[in-house]
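1. dropping the sequence and predicted coords here.
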Amino acid sequence: MPGKPSPEGPRPKAKGWYIAIHSQTSRHPICPPGTALMWEGYSLLHIFGNSHAQGQDLGQPGSCLKKFSTMPYLFCNLNDVCDYASRNDYSYWLSTTEPMPMMMTPIRGPDIEKYISKCAVCETP
């Protein structure tokens, strides 16, 4: 003999939109009230690799990478062989207002972090 029908379960939460926010400082921005932080990262503007250019819409999540890399480009050929960026590939990152060294000497290692804008990706309701 069958039992009583169970009550209807909760409906799944509606998925919102993802937005990227860029601070143009060395500090991560805070998500607006009513949104949820998805991840924090570094503000990517543009990459050029394997003779292909790719710009990033600064309002989209793809402009906020979790890891900073001067060569964030990986490409795969039709034979499923993937290679990292080569010497003629480059990337542009949104900068902070931190003044560059007077002599324009190369910036090495972790010292570059203060020159790269931080970002956050937030989910709206």
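-> Structure received. Residues are numbered from 1 along each chain as shown.
2. next one: Y115 relative to P99, how far apart?
-> Counting by Cβ to Cβ, to the nearest Å, the gap from Y115 to P99 is 9 Å. Where C-beta positions appear, they are placed from N, C-alpha and C, glycine not excepted.
3. whoops, G59 was the one
-> Taking Cβ to Cβ, one finds G59 at 28 Å from P99.
4. quick one on the thing from earlier: who has more neighbours out of Y115 and P99?
-> Shown here are Y115 and P99; by other Cβ atoms under 10 Å, Y115 has more neighbours (15 against 7).
5. any idea how many residues pack against N79?
-> Count around N79 with other Cβ under 10 Å applied: 6.
6. so who does it touch?
-> If a contact means Cβ atoms under 8 Å, 6 or more residues apart in numbering, then N79 has no contacts.
7. just the pLDDT for it.
-> N79 is assigned 79 on the pLDDT scale.
8. what's the end-to-end length of stretch 108-125?
-> 41 Å (Cα to Cα, to the nearest Å).
9. show me what it is in contact with.
-> 14-32, 34-43, 61, 63-64, 68, 93-96, 98, 100, 107.
10. just the buried subset of these, please.
-> Among these, the ones that count as buried by 16 or more other Cβ atoms under 10 Å are 18-23, 28-29, 31, 35, 40-43, 61, 63-64, 68, 93-94, 96.
11. taking those residues one by one, which sit in strands?
-> Counting by DSSP state E, the part of the buried ones among the contacts of stretch 108-125 found in strands is Y18, I19, A20, I21, H22, E40, G41, Y42, S43, C64, W93.
12. was I right about the fifth one contacting T96?
-> In this case it means H22. No. Between H22 and T96 there is no contact under Cβ atoms under 8 Å: 10.2 Å.
13. confirm K114 sits in a helix?
-> Yes. Under DSSP: H, G, I helix; E, B strand; the rest coil, K114 sits within a helix.
14. alright, that wraps it up for me.
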